[in-house]
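Trainee: The sequence and its predicted three-dimensional model are supplied below.
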Amino acid sequence: MKVNPPAPEAAETADALACRIAGVMYGRDYAAQSMGIEVLEVREAFAVLSMRVRRDMLNGHVIAHGGAVFALADTAFAYACNSRNEPTVALQCTISFTRAAREGETLIARAEERARTRRTSTYDVTIATDGGETIALFRGVGYIKAGTYL
């Protein structure tokens, strides 16, 4: 994980808190670790993650399995919607695939908040190649639970 928090003497901003929460989450996110998902950037209500498509992620058409692409999008959604120190779980998610991803391509998932209420939040995630070609569009609705991470 490449997220670097600010120096300890600096007052903690919302974005610094988001980075600390991402560190806690990634430490126990064994699914993301096993898929080689990397956290590139986290801010309040925002996250950018990447994943290289490996051979063990290919389906019978020799393209990236939709579940692998969905997992990357869902993980970016999770890091963005949990960034406020309020545990949030997926309530509903949809994905539309726009083109196939191939072995060796690096996919970038960019998650951004679109709406928020007291108990729910809605995020859009765009999954693209590192060259900028859109692979899929994902929308996730999160349910905000009681409690905190830190």
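Mentor: The structure has been received and is ready for your questions.
Trainee: Quick check: closest non-adjacent residue to Val125.
Mentor: Leaving aside its chain neighbours, Val125 sits nearest to Phe138 (4.0 Å; criterion: C-beta to C-beta, 6 or more residues apart in numbering). Quick note: C-beta positions are derived from backbone N, CA and C, even for glycine.
Trainee: Listing partners with orientation, what would you give for the helix or strand where the one you found lies?
Mentor: Secondary-structure assignment from DSSP states H and E places Phe138 in strand 134-144. Paired with strand 134-144 in the same sheet, following DSSP bridges, are strand 88-97 (antiparallel), strand 120-129 (antiparallel).
Trainee: Most tightly packed of these?
Mentor: Burial of the strands paired with strand 134-144 is given as mean neighbour count (mean count of other C-beta atoms under 10 Å); strand 120-129 ranks first at a mean of 20.
Trainee: Sort out which residues of the strand holding Phe138 are buried, please.
Mentor: Under the neighbour-count criterion of 16 or more other C-beta atoms under 10 Å, strand 134-144 has Ile135, Ala136, Leu137, Phe138, Arg139, Gly140, Val141, Gly142, Ile144 buried.
Trainee: cool, and stretch 23-30?
Mentor: Buried, per 16+ other C-beta under 10 Å, within stretch 23-30: Gly23, Met25, Tyr26, Asp29.
Trainee: mind listing what the residue positioned nearest the centre of the chain touches?
Mentor: Centroid check for the chain by C-alpha atoms, centre = their mean gives Ala76 as the closest residue, at 0.7 Å. Neighbouring residues of Ala76 by C-beta atoms under 8 Å, 6 or more residues apart in numbering: Ala47, Val48, Leu49, Ala109, Arg110, Ala111, Val125.
Trainee: Please name the nearest non-neighbouring residue to the fourth one.
Mentor: In this structure, Ala109 finds its nearest non-sequential neighbour in Ala76, 3.7 Å apart by C-beta to C-beta, 6+ apart.
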